[in-house]
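>>> Quick one: sequence plus predicted model below, questions after.
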Amino acid sequence: MSVHSGTRVGTNAIDLVDLHKNFKEVRAVRGMTLSIAPGEIVALLGPNGAGKTTTIDMILGLSQPSAGSVSVYGTQPRQAIDSGRVSAVLQTGGLLKDLTVEETARYTASLFATPRPVEEVLERAGISGIADRRVGKASGGEQQRLRFAMALLPDPDLLILDEPTTGMDVEGRRGFWSAIRQDAERGRTVLFATHYLEEADAYADRIILLRHGVVVADGTSAEVKALAAGRTVRATLPDADEAELSAIPGAENVEIRGDSVIIHANDSDAVARYLLNSTPARDLEIVARALEDAFIALTSDHADQTVSSQVGGSR
Amino acid sequence: MSAVTSQDARPVRSHAGINPTVLGIEIRRLIRNRRTLIFALILPVVLFLFVGTNKSYANLNAAGVVGQHTPAHANVSAYLLVSMALYGAALATTAGGAMVSIERAQGWSRQLRITPLSPTAYILIKTMVAMVLGLCSVLAVFIVGKLTGVPHMLPGFTYLWFVAAACVWIGALVFAALGLFIGYLLPSENVMQFLGLVMAAISFAGGLFYPLNQAAPVLRDIAKWTPMYGLNQLVHAPLLGGTVDLMWVVNAVAWFAIFVAGAVYLFRRDTARV
């Protein structure tokens, strides 16, 4: 977890410092500080409205932060775009239906000083077979591969993908990710936003979990999975003492609802043993928390800040 | 990692976008768009063939159309040819400018913002493409019109064909600006249907389709404030050989300024928001 210790400011692919973005009343991003080192494959995970796209827009210079700073390879986002060091696959849209696949790529290539050959990027995105097809006649997956091909043209050091597989079927999603994965093996830094937990788990080295515009967890996928691996112990226990229960080794979060206690635990056995041995608890049940539940727990409005700080604080 | 560090100083393409590849692809798009071609090329040619090739116009001096006492250098047919060329060029350049509307609706202008293309260069490309389409429209009307053999200039004034065509084409810049303005105002794929009606209306109001001197005085007064009025007078001025009224120039320049200002304002708001 100490990947960044010792790296100088400016050598990171991305540095966000206390980033804020407000849209009138809505505070979409509220104080985000994080760094991404060259070579990392990072997932920005969170439900809709967590601030993923807003953050990406600021990293790409598409919108200006309300406060805080963004730097990409130590420069302004616009500079990084102009020099082709960063490129992106945005969400759906962004293509002209009346151009062919090849024309779209050629148009984009002509805007860069030293682009990769169009044939090469189409090949790498797996769409050289449909080069002469009109974009409007290409499937959603093919269009997304075209966006990917366009993003490869400047041979960027950093590739940003904003929910790249939204609307794709399972097959298309798998094919798309295998193309990205192959490409990332060449050492490219990749940052992708997703609300699919499995995608983050399968393709990222590091997962940054967002909720309401703040980072609630940041760690390797194993670490975030460890958070998810906790279980819930539920029992009937009248007049429960919250402080006592919170002190049980292995208990993470205690919730008391009338005569019921619900304890989220990373060591459910220890909690169950304590409840049965040292308290008059009865009707005890232990439920495994699914990966999905953990995600919801961490990103829902009721999520406890302390849960996140355990992992979030480590960076 | 070596790939990363070796690219610390990357070149940036200057004037990105205003290059032959982009312009070539943009022009191919125009040619593929059947609706634009019908609007910009076929409609004005057909209109001229209907209204301008009456055999009786061949021997009528264009001075009669505007009630001018001194004889003009062209016949009525040539006068109408220039009118239809202006109508066609105006339609063509408006359609070209309004392409930004479709491109915004499809998210293309947002996509371009993650390339080195500057928004200003994008606007220049759109203007250039609109003017190319305008030129095609002018050439179509002039060439087909001339081939009918009806319109003609008086002996010694053949060069006026070129002068008139150039005036029409340059004047159409006003409508390229209108197209951009509307394109930023209405992010819709159907903006051209709306603009077709607008163009017909301002062409009537500005006296392009009928002689203003035969109109009711109140319509004549209104006409002077509409965007087609000044240009309509100016493009016919070389043929008529009369004087140029300063108010025509003021009308054309003022509307150009209004459309440019509107387009620039909306374009700035657009780039700040996206």
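In hand now; what should we look at? Residues are numbered from 1 along each chain as shown, chains lettered A, B, ... in the order given.
>>> Report how many residues lie close to A:Ala149.
Close neighbours of A:Ala149, defined as other CB atoms under 10 Å in any protein chain shown, add up to 29. The C-beta positions use only the backbone N, C-alpha and C, and glycine is treated the same way.
>>> Chain neighbours aside, what residue packs nearest to it?
Once flanking residues are discounted, A:Ala149 sits nearest to A:Ala125: 3.7 Å by CB to CB, 6 or more residues apart in numbering or on different chains.
>>> just the strands in chain A please.
Under the criterion DSSP state E, chain A contains strands at A:14-23, A:26-36, A:41-45, A:67-72, A:86-89, A:158-162, A:189-194, A:206-211, A:214-220, A:231-236, A:251-257, A:260-265, A:282-288.
>>> by contact count, what packs against the last one?
So the one you mean is strand A:282-288. Identification of packing neighbours for strand A:282-288 by 3 or more CB pairs under 8 Å, 6 or more residues apart in numbering or on different chains; DSSP states H and E yields strand A:231-236, helix A:268-278.
>>> Next, the angle from the last one to strand A:260-265.
By that I understand helix A:268-278. 140 degrees (axes from the mean of the first three to the mean of the last three CA atoms, to 10 degrees).
>>> And helix A:268-278, what's buried?
Burial within helix A:268-278, assessed by neighbour count using 16 or more other CB atoms under 10 Å in any protein chain shown, is assigned to A:Ser268, A:Val271, A:Ala272, A:Tyr274, A:Leu275.
>>> what's the answer for the first one, then?
Neighbour-count burial for strand A:231-236, with 16+ other CB under 10 Å as criterion, is recorded at A:Arg231, A:Thr232, A:Val233, A:Arg234, A:Ala235.
>>> For B:Pro119, give me its contacts.
B:Arg113, B:Phe267, B:Thr271 (CB atoms under 8 Å, 6 or more residues apart in numbering or on different chains).
>>> which residues does the second one contact?
Right, B:Phe267. Contacts of B:Phe267 (CB under 8 Å, 6+ apart): B:Pro119, B:Ile123, B:Leu180, B:Tyr184.
>>> so which strand or helix has it?
helix B:246-273 (DSSP states H and E).
>>> Can you check which of the strands of chain A gets nearest to A:Glu242?
strand A:251-257 (5.5 Å; CB to CB).
>>> From the contact counts, what lies against that closest one?
Identification of packing neighbours for strand A:251-257 by 3+ CB pairs under 8 Å, 6+ apart yields helix A:242-246, strand A:260-265, helix A:305-312.
>>> Give me the residues contacting that strand.
Defining contact as CB under 8 Å, 6+ apart, one finds that strand A:251-257 is touched by A:230, A:240, A:242, A:245-246, A:261-266, A:271, A:304, A:306-307.
>>> what's across from the residue nearest to the spatial centre of chain A in the sheet?
Using CA atoms, centre = their mean, the residue of chain A that lies closest to the mean C-alpha position is A:Leu44, 1.5 Å off. Beta-bridge partners recorded for A:Leu44 (DSSP bridges): A:Ala193, A:Ile208.
>>> That one reaches A:Leu210, doesn't it?
Yes: at 6.3 Å, A:Leu44 counts as touching A:Leu210 under the criterion of CB atoms under 8 Å.
>>> any shared contact partners between the two?
By CB under 8 Å, 6+ apart, the residues touching both A:Leu44 and A:Leu210 are A:Lys52, A:Thr55.
>>> Help me confirm that A:Asn266 comes into contact with A:Gly230.
Yes: judged on CB under 8 Å, A:Asn266 makes contact with A:Gly230 at a distance of 4.8 Å.
>>> neighbour count winner among the two?
A:Gly230 (23 against 17).
>>> Could you give the number of residues near residue 178?
Going with chain A. Counted with other CB under 10 Å, A:Ser178 comes out at 12.
>>> was after chain B, sorry
29.
>>> Ignoring the adjacent residues along the chain, who's closest to it?
Of all residues not flanking B:Leu178 in the chain, B:Phe259 sits nearest, at 4.6 Å (CB to CB, 6+ apart).
>>> Tell me the spacing between A:Ser268 and chain B.
43 Å (CB to the nearest CB, to the nearest Å).
>>> List the contacts of that residue.
Here A:Ser268 is in contact with A:Gly230, A:Arg231, A:Thr232, A:Val233, A:Gly250, A:Ile286 (CB under 8 Å, 6+ apart).
>>> switch the cut-off to 7 Å
A:Arg231, A:Val233, A:Ile286 (CB atoms under 7 Å, 6 or more residues apart in numbering or on different chains).
>>> Just after the lowest-mean-pLDDT helix or strand in chain B, pick out the following helix or strand.
The helix or strand of chain B with the poorest confidence is helix B:2-5; it has a mean of 41 (mean pLDDT, DSSP states H and E). With elements assigned by DSSP H and E, the helix or strand that comes after helix B:2-5 is helix B:20-32.
>>> Buried by neighbour count: which residues of that following helix qualify?
B:Val22, B:Leu23, B:Ile25, B:Glu26, B:Arg29, B:Leu30.
>>> that older thread, JSON lines for the helices and strands packed on strand A:282-288, including mean pLDDT?
Converted to JSON lines, the helices and strands packed on strand A:282-288 look like this (pLDDT from 0 to 100):
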{"stretch": "strand A:231-236", "mean pLDDT": "87"}
{"stretch": "helix A:268-278", "mean pLDDT": "89"}
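>>> surely A:Val101 meets A:Ala131?
Yes: here A:Val101 lies in contact with A:Ala131, judged by CB atoms under 7 Å, at a distance of 5.3 Å.
>>> more crowded one of those two?
Ranked by neighbour count (other CB under 10 Å), A:Val101 and A:Ala131 place A:Val101 first, with 27 against 19.
>>> Identify the residues contacting residue 83.
You didn't pick a chain, so chain A it is. B:Arg10, B:Val12.
>>> Sorry, I should have been clearer: chain B.
Contacts of B:Ser83 (CB under 7 Å, 6+ apart): B:Leu208.
>>> Chain B versus A:Leu161, what's the distance?
For A:Leu161, the distance to chain B - CB to the nearest CB - is 12 Å.
>>> same thing with A:Leu122?
Distance from A:Leu122 to chain B, by CB to the nearest CB: 16 Å.
>>> how about the nearest residue to the closest residue to chain B within the stretch 201-315 of chain A, chain neighbours excluded?
When distances are taken as CB to the nearest CB, the stretch 201-315 of chain A reaches nearest to chain B at A:Asp205, 14.7 Å away. Closest residue in space to A:Asp205, ignoring its immediate chain neighbours: A:Ile41 at 4.8 Å, by CB to CB, 6+ apart.
>>> Right, I'll call it a day here.
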